[in-house]
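Participant: no letters, just coordinates:
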Ligand SMILES: [Cu+2]
């Protein structure tokens, strides 16, 4: 594994800087220059936000000076560039969750890039191959940085997308705040060893139950991303006809109504909603999981009815993900378990100081480079099937970086052949996920309940 020294790190930063300067010689490089976009500046900052009635919450982190991190819009097959400028007092990076980027752009410190220290910057550039709903977040000290606000949604547009009368993006997340509206401890060890530590304040787009206007009788494309560090949701829409069009950035083969649809941290869904005909009618997006169900956000019908029909929504274009060859695929067994170990470990990238979880009986010490080796070395271009078994009483949203897999089968339920980057595995479930190892590099495979990730449920595969 690549170990980055401070010296090498500075060299890398210098190269990144030179890339930025290259913008000034655009005219000399014809097509290359024309294709190179102006970078979006994502500047981490400490800010305040009104998350509770009692007043402003301090020590909130965002990209930009105020409000939640911006929704980033990209276009499928068109180059995108962003400059991360780090203005917080902690090293950081950006990971583009679900987007199949080149390895060096994946944002995992030490595995693929150096830390971006306070005052430094890093230039990200890639061309998103897939259209859909994705998200971005740091991969350093993630429980704190994401817990305090650094989670934003990405929309990758496709010019061939069906037309809607309105589109909305909802970023779902919680905050660990006390009665005074200020941050409390981000986790409790006894909860980290179970489902993870839940937030105390729940928001949609950093608001409590926001309401958005949408045309009566119109078709709404609602993009929802769970960017929370812990919470699993069970989604329901009431007051309107709704259908799930896409999950985790990819169209579903068969559309279905969100009837307590379970999705975990890191997952996204795209709904087509047909608004009611009557002006003022309210549509609710609900979480019905657990003992405290909640209306997350509402839509209010406005104007006279457009009289659309949900069946008129054309299919979304399938993303160009290589088809797994099951006949030649090699199988990789993966057992998720709890571990008896409970010892502090020195995670370089924000370990919690505990080991509670393991993959194939090995608890990983966070994102440290040594002495750990990849879970598996995969041959570029070859097909693989991950046979994953959950031996714990908790659910785990398992996320693979860099490549999308197809859900092949489950031991406990009927599954559609969904293409995804995150699979929410249930207790006692065995699932088979097939993919083509077509993206070279070191790719993390981890639980997206961040406390689980940071206390052992992390590994990576190497594609060479
Ligand atoms: Cu987990």
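Facilitator: Great, that's in hand. What you see is a predicted model; the values in this text were computed from it and never measured.

Participant: contacts and neighbour counts: CA atoms only from here.
Facilitator: Noted.

Participant: how about the residues of the stretch 301-450 of the chain that lie near the ion?
Facilitator: 396, 447, 449 (C-alpha under 5 Å from the ion).

Participant: so which residues of the chain form helices?
Facilitator: Secondary structure of the chain by DSSP state H: the helices cover 6-21, 30-35, 142-147, 189-192, 450-453.

Participant: pull the residues that contact the last one.
Facilitator: I take that to be helix 450-453. 142-143, 187, 192-193, 196-197, 229-230, 352, 356-357, 366, 446-447 (C-alpha atoms under 8 Å, 6 or more residues apart in numbering).

Participant: got it, and the fourth one?
Facilitator: Residues outside helix 189-192 that contact it (C-alpha under 8 Å, 6+ apart) are 197, 354, 356, 451, 452, 455.

Participant: can you tell me if it touches the ion.
Facilitator: No - on the criterion C-alpha under 5 Å from the ion, helix 189-192 is out of touch with the ion, staying 9.2 Å away.

Participant: which residues does the residue nearest to residue 121 when sequence neighbours are not counted contact?
Facilitator: Once flanking residues are discounted, residue 121 sits nearest to residue 85: 4.4 Å by C-alpha to C-alpha, 6 or more residues apart in numbering. Contacts for residue 85 were tallied using C-alpha under 8 Å, 6+ apart; they are 41, 42, 43, 44, 119, 120, 121, 122.

Participant: and the second one, how many neighbours?
Facilitator: Residue 42: 19 surrounding residues under other C-alpha atoms under 10 Å.

Participant: ok, now how distant is it from residue 64?
Facilitator: Distance, residue 42 to residue 64, using C-alpha to C-alpha, to the nearest Å: 6 Å.

Participant: quick one: contacts for the closest residue to the ion within the stretch 351-464 of the chain?
Facilitator: Here the stretch 351-464 of the chain gets closest to the ion at one residue, residue 396, 3.7 Å apart by C-alpha to the ion. Going by C-alpha under 8 Å, 6+ apart, residue 396 touches 264, 423, 424, 425, 426, 447, 448, 449.

Participant: let's see which of the residues you listed end up in strands.
Facilitator: Among the contacts of residue 396, the members falling in strands (DSSP state E) are 423, 424, 425, 447.

Participant: if I look at the last one, how far off is residue 307?
Facilitator: Read it as residue 447. Taking C-alpha to C-alpha, one finds residue 447 at 43 Å from residue 307.

Participant: which one of the residues in the stretch 51-200 of the chain is closest to the ion?
Facilitator: For the stretch 51-200 of the chain, C-alpha to the ion, closest residue to the ion: residue 195, 7.4 Å.

Participant: now do that residue, the pLDDT please.
Facilitator: Here, the pLDDT recorded for residue 195 equals 90.

Participant: go on, the one 5 residues further on?
Facilitator: Reading off the confidence values, residue 200 has pLDDT 96.

Participant: list the buried ones in stretch 328-336?
Facilitator: 329, 334, 335, 336 (16 or more other C-alpha atoms under 10 Å).

Participant: redo the ones in strands among the contacts of residue 396 as TSV? Include neighbour count.
Facilitator: Formatted as TSV, the ones in strands among the contacts of residue 396 follow (neighbours: other C-alpha atoms under 10 Å):
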residue	neighbour count
423	26
424	21
425	21
447	29
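
Participant: so residue 224 bridges to which residues?
Facilitator: Beta bridges link residue 224 to residue 170, residue 269, judged by DSSP bridges.

Participant: just checking, it touches residue 155?
Facilitator: No - using C-alpha atoms under 8 Å, residue 224 is not in contact with residue 155; the gap is 10.5 Å.

Participant: shared neighbours, those two?
Facilitator: In contact with both residue 224 and residue 155: residue 133, using C-alpha under 8 Å, 6+ apart.

Participant: and these two? Which one has more around it.
Facilitator: residue 224 (23 against 19).

Participant: and the pLDDT for the more buried one?
Facilitator: Reported pLDDT for residue 224: 98.

Participant: relative to residue 182, how far out is it?
Facilitator: For residue 224, the distance to residue 182 equals 26 Å [C-alpha to C-alpha].

Participant: name the spans of the stretch 351-464 of the chain whose pLDDT lies under the cut-off.
Facilitator: Scanning the stretch 351-464 of the chain for pLDDT under 70 picks out the ranges 351, 364-372.

Participant: ok so, going back, what's the closest of the buried residues of stretch 328-336 to residue 237?
Facilitator: Nearest to residue 237 among these is residue 336, at 32.5 Å by C-alpha to C-alpha.

Participant: pretty sure the closest one contacts residue 356?
Facilitator: No - counting by C-alpha under 8 Å, residue 336 stays clear of residue 356, with 11.2 Å between them.

Participant: bridging residues for residue 235?
Facilitator: With DSSP bridges as the rule, residue 235 is bridged to residue 261, residue 287.

Participant: burial check on it, number of neighbours?
Facilitator: 22.

Participant: quick one: low-confidence parts of the stretch 1-150 of the chain?
Facilitator: Across the stretch 1-150 of the chain, the ranges flagged by pLDDT under 70 are 1-35.

Participant: bridge partners for the residue nearest to residue 121, pull those for me.
Facilitator: Beta-bridge partners of residue 85, as defined by DSSP bridges: residue 43, residue 121.

Participant: let's number from 33 now, not from 1
Facilitator: In the new count, where the first residue is 33, that last one comes out as residue 117.

Participant: need the residues that contact stretch 356-375.
Facilitator: Looking at what lies outside stretch 356-375 - C-alpha under 8 Å, 6+ apart - the contacts are 385-393, 395, 408, 414-424, 438, 466-468, 489.

Participant: now with 7 Å, please.
Facilitator: 386-393, 415-424, 466-468 (C-alpha atoms under 7 Å, 6 or more residues apart in numbering).

Participant: narrow these to those in strands?
Facilitator: Among the contacts of stretch 356-375, the members falling in strands (DSSP E) are 389-391, 415-422, 466-468.

Participant: any chance of those residues in TSV, with neighbour count too?
Facilitator: Output for the ones in strands among the contacts of stretch 356-375, formatted as TSV (neighbours: other C-alpha under 10 Å):
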residue	neighbour count
389	30
390	24
391	25
415	22
416	23
417	24
418	19
419	18
420	21
421	23
422	21
466	26
467	25
468	23
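
Participant: output the residues you listed as JSON lines; include the columns distance to residue 136.
Facilitator: As requested, the ones in strands among the contacts of stretch 356-375 are exported to JSON lines (distance: C-alpha to C-alpha, whole Å):
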{"residue": "389", "distance to residue 136": "28"}
{"residue": "390", "distance to residue 136": "27"}
{"residue": "391", "distance to residue 136": "25"}
{"residue": "415", "distance to residue 136": "23"}
{"residue": "416", "distance to residue 136": "23"}
{"residue": "417", "distance to residue 136": "25"}
{"residue": "418", "distance to residue 136": "24"}
{"residue": "419", "distance to residue 136": "27"}
{"residue": "420", "distance to residue 136": "27"}
{"residue": "421", "distance to residue 136": "30"}
{"residue": "422", "distance to residue 136": "31"}
{"residue": "466", "distance to residue 136": "24"}
{"residue": "467", "distance to residue 136": "21"}
{"residue": "468", "distance to residue 136": "19"}
